[in-house]
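K.L.:
sequence plus predicted model, see below.
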Amino acid sequence: MTLLQPLFRLPRRQKRLLQLAADCLLITVSFLLAMLLRLDSLSFLAEPRVWWVLPVVIPVSLAIFIRLGFYRAVIRYMSMKAVKTIAAGVGASALALLVINFLFQLPVPRSVPFIYAMLALLTVGGVRFALRSIYLRNQLRYKTRVVIYGAGSAGRQLVQSLRHGSEYEPVGFVDDAANLEGAFIQGLKVYSASEIDRLIKDYGIEKVLLAIPSATRARRREILERLEPLEVPVQSIPGMADVVAGRAQINDLRDVAVEDLLGRDPVPADASLMGANITGKVVMVTGAGGSIGSELCRQILRHRPAKLLLLELSEFSLYRIEQELEQIAWDEAIDCPVKALLGSVQHRSRIQKIMMSFRVQTVYHAAAYKHVPMVEHNVVEGLRNNVMGTLETARAAVAAGVESFVLISTDKAVRPTNVMGASKRLAELVCQALANTQKRTCFSMVRFGNVLGSSGSVVPLFRRQIAAGGPVTVTDPEITRYFMTIPEAAQLVIQAGAMARGGDVFVLDMGEPVKIAELASRLIRLSGLEPRYPGSDDADLAGGDIEIRYTGLRPGEKLFEELLIGEKVEATSHSRIMTASEISLAWEAMEEMLKTLFDACEDFDAPRIRELLVQAPLGYQPQSEPVDLVWEQQTRQVRRRRAPRVPQENEVAMLEARPSTANER
């Protein structure tokens, strides 16, 4: 192959000239061999008229070959369909030989054109396929051997794409359809799913590629659970919607989506609920550049509001979501102005001016700090943004006559052990209190757990840690969380907001809680590696590839999350949205409590803030000492000032050596 490498690297023009020269030689050799086989003697070489055939047959044959596109085909990518073209060209060349022999009455036996046709087919076609075989065999040494799970149309397209690439060599199909077992598709055998373990061992399979884009999430989860114990990585092709829309190609392989491991099949959205507070209305989303906020914007835009206002504190995040939404509007022919507005939810005058100027009718309040340890270390800003921000935005909404105000809340607001959860429960109480003071603006709150792929999600962190060779860090072996995909969460938030009557607390059905340690183990196994647990008595667990390291719960972190405070929960018209009856406060009591809290925030008094949060009807139960970074630094400085100063050794020596004064004597 090393001798042929320069040949494969030649420019296309030079390769075509070489093919023309080679075909001249092969036609000549084929004709001479045909004469030798027919006459069983070399005496014909002395007959001058025999040679008259070649000056006519060679140009005619080459012209036919050119006409049929012999020299446009790239040899390394030739398929078996090329055999028909070669056969047609060789047949036309043999016919030309027959006609020339008849017209000029040359001393060439009548059977020679037929023998020539068979020999030319072997030489002209055989050389091309031999070169192709040499090239592909050499490529196999550098290609990853893969098996494709799914022998449908997506799997067949994937095989064709992979064969033209230089990374993967498909070895076979695996499919659950009994009628396909043993069949050959694209030259590859289809095996049953029960044989995949044997295939991996017998053929040295290094990766399994999922080509089942139309399968339900439940079905994909079932397949992944079957593949998880295998010691090979699993990847998936993109969904057909992305391929059709041009956002991806069929051979754009991706890591298995974590929603396929944890998720469930989404319930179809109720179109009337989705459009009730959006279609034809002016809608504003606060925190529009965040994980939930940006997905809300995408879904809102597709339901054609009169205007969509994006409010965001981060300039970069605002720019990014504005550009994305404008592209969606262009691609999908949506006539909806998108207005990007910089601002903080804590500035009521700015928010109220925006709402009144644009005559906002619906607000989705997603702006919040949500990372638990980050808020624990920045208590004052966490409370200001999450509580004061909600208060000022809600007051502005009432003053501006907004029809619907939906607060995005969290499961961490239920019996919180951290400031972030306490702040979100306070934000809920603010909205409940305002709902009871007026009927102009309909307030509602939607509470749900973790979303997959958000900025604070553990999944991207785990993937980075696995790619780096570990360790994968988990806070506690027993820690569990609820998970939901961002699109499903946003869709349910919109529908819940449309059901609101005023002061409602909606709770989303998050499914079953997931152990984070088990999630980490599954991601490691689906990467073709084994998790390692140092110190385990089990040799297999102690000798894996990627270490799972337990780091201990972080400040304010809970082992288990809840979605309800009380037990009063009622079903709604939507199977995955429930409504809860939670404790609320009168506005006067709420206002007094907030004033005291914000005063403590102004003084950066972390112990006082904690005391007020514990006294409030939040169910707040802190599990560690205050860890606010500014308060800790202030405390250290105070301790240094109050600590008695001990003279250094050199200072003591100087004092002893100094002459005594009269007073000292």
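P.N.:
Ah, there it is.

K.L.:
CA atoms of the helix or strand harbouring Gly293 as PDB?
P.N.:
For Gly293, the enclosing helix or strand under DSSP states H and E is helix 291-301. C-alpha atoms of helix 291-301 as PDB (Å, rounded to 0.1, in the frame of the first residue of the first chain):
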ATOM      1  CA  SER A 291     -31.400  27.800  30.800                       C
ATOM      2  CA  ILE A 292     -35.200  27.900  31.600                       C
ATOM      3  CA  GLY A 293     -35.700  31.500  30.400                       C
ATOM      4  CA  SER A 294     -34.200  30.900  27.000                       C
ATOM      5  CA  GLU A 295     -36.300  27.700  26.400                       C
ATOM      6  CA  LEU A 296     -39.400  29.600  27.500                       C
ATOM      7  CA  CYS A 297     -38.500  32.200  24.800                       C
ATOM      8  CA  ARG A 298     -38.200  29.600  22.100                       C
ATOM      9  CA  GLN A 299     -41.500  28.000  22.900                       C
ATOM     10  CA  ILE A 300     -43.300  31.400  23.400                       C
ATOM     11  CA  LEU A 301     -42.000  32.600  20.000                       C
END
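
K.L.:
what is the mean pLDDT for stretch 117-130?
P.N.:
Mean pLDDT, stretch 117-130: 75.

K.L.:
same thing with stretch 301-308?
P.N.:
pLDDT averaged over stretch 301-308 gives 96.

K.L.:
buried ones in that stretch?
P.N.:
Applying a neighbour-count criterion of 16 or more other Cβ atoms under 10 Å, one finds Leu301, His303, Arg304, Pro305, Ala306, Lys307, Leu308 buried in stretch 301-308. In short, each C-beta sits where N, CA and C put it, glycine included.

K.L.:
tell me which of the residues you listed fall in strands.
P.N.:
Counting by DSSP state E, the part of the buried residues of stretch 301-308 found in strands is Lys307, Leu308.

K.L.:
now the two most distant members of the buried residues of stretch 301-308.
P.N.:
His303 and Lys307 (12.8 Å; Cβ to Cβ).

K.L.:
anything in contact with each of those two?
P.N.:
With Cβ atoms under 8 Å, 6 or more residues apart in numbering applied, the contact sets of His303 and Lys307 do not overlap.

K.L.:
please, where are all the strands along the stretch 251-400 of the chain?
P.N.:
254-255, 282-286, 307-312, 338-342, 362-365 (DSSP state E, counting those that start in this stretch).

K.L.:
phi, psi for the nearest residue to Ile466 once chain neighbours are set aside please.
P.N.:
Residue nearest to Ile466 in three dimensions, not counting chain neighbours: Ser527, with 5.4 Å by Cβ to Cβ, 6 or more residues apart in numbering. The phi and psi values for Ser527, taken as degrees, to the nearest 10, are phi -90, psi 0.

K.L.:
cool, and the one 3 residues further on?
P.N.:
Its backbone dihedrals place Glu530 at phi -120, psi 140, with angles given as degrees, to the nearest 10.

K.L.:
pLDDT-wise, which helix or strand of the chain ranks last?
P.N.:
Averaged element by element with mean pLDDT, DSSP states H and E, the chain has its least confident helix or strand at helix 240-244 (a mean of 52).

K.L.:
now the strands of the stretch 251-400 of the chain as JSON lines including distance to Ala88?
P.N.:
What follows is these, written out as JSON lines (distance: least, Cβ to Cβ, whole Å):
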{"stretch": "strand 254-255", "distance to Ala88": "42"}
{"stretch": "strand 282-286", "distance to Ala88": "64"}
{"stretch": "strand 307-312", "distance to Ala88": "60"}
{"stretch": "strand 338-342", "distance to Ala88": "58"}
{"stretch": "strand 362-365", "distance to Ala88": "66"}
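
K.L.:
lowest average confidence across these, which one?
P.N.:
Set side by side, these give their lowest mean pLDDT on strand 254-255, at a mean of 72.

K.L.:
so what pLDDT did Pro622 get?
P.N.:
On the pLDDT scale, Pro622 is placed at 87.

K.L.:
re the thing from before, which parts of the helix holding Gly293 are buried?
P.N.:
By neighbour count on 16+ other Cβ under 10 Å, the buried set for helix 291-301 is Ser291, Ile292, Gly293, Ser294, Glu295, Leu296, Cys297, Gln299, Ile300, Leu301.

K.L.:
mind listing the strands for the stretch 101-250 of the chain?
P.N.:
144-149, 168-174, 184-185, 188-191, 207-210, 234-236.

K.L.:
and those strands as CSV, adding distance to Arg554, mean pLDDT and mean neighbour count?
P.N.:
Output for these, formatted as CSV (distance: least, Cβ to Cβ, whole Å; pLDDT from 0 to 100; neighbours: other Cβ atoms under 10 Å):
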stretch, distance to Arg554, mean pLDDT, mean neighbour count
strand 144-149, 39, 86, 22
strand 168-174, 41, 85, 22
strand 184-185, 51, 86, 14
strand 188-191, 47, 87, 18
strand 207-210, 35, 87, 23
strand 234-236, 31, 83, 20
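
K.L.:
among these, which is nearest His365?
P.N.:
strand 234-236 (35.5 Å).

K.L.:
remind me, longest helix of this structure?
P.N.:
helix 12-39 (DSSP state H).

K.L.:
elements contacting that one?
P.N.:
On a contact count with 3 or more Cβ pairs under 8 Å, 6 or more residues apart in numbering; DSSP states H and E, helix 12-39 meets helix 53-67, helix 112-120.

K.L.:
give me the distance between it and the centre of its chain.
P.N.:
54 Å (Cα atoms, centre = their mean, to the nearest Å).

K.L.:
quick one: that helix to helix 53-67, angle?
P.N.:
140 degrees (axes from the mean of the first three to the mean of the last three Cα atoms, to 10 degrees).

K.L.:
pLDDT of helix 12-39, averaged?
P.N.:
75.

K.L.:
what residues sit buried inside it?
P.N.:
Per 16+ other Cβ under 10 Å, helix 12-39 contains these buried residues: Lys15, Gln19, Asp23, Leu26, Ile27, Ser30, Phe31, Leu32, Leu33, Ala34, Met35, Arg38.

K.L.:
how about stretch 341-352?
P.N.:
Leu341, Gly343, Ser344, Val345, Gln346, Arg348, Arg350, Ile351, Gln352.

K.L.:
including distance to Ala154, could the residues you listed go into a markdown table?
P.N.:
Listed next are the buried residues of stretch 341-352 as a markdown table, based on distance: Cβ to Cβ, whole Å:
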| residue | distance to Ala154 |
| --- | --- |
| Leu341 | 42 |
| Gly343 | 46 |
| Ser344 | 47 |
| Val345 | 45 |
| Gln346 | 50 |
| Arg348 | 53 |
| Arg350 | 50 |
| Ile351 | 48 |
| Gln352 | 52 |
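
K.L.:
thank you, goodbye.
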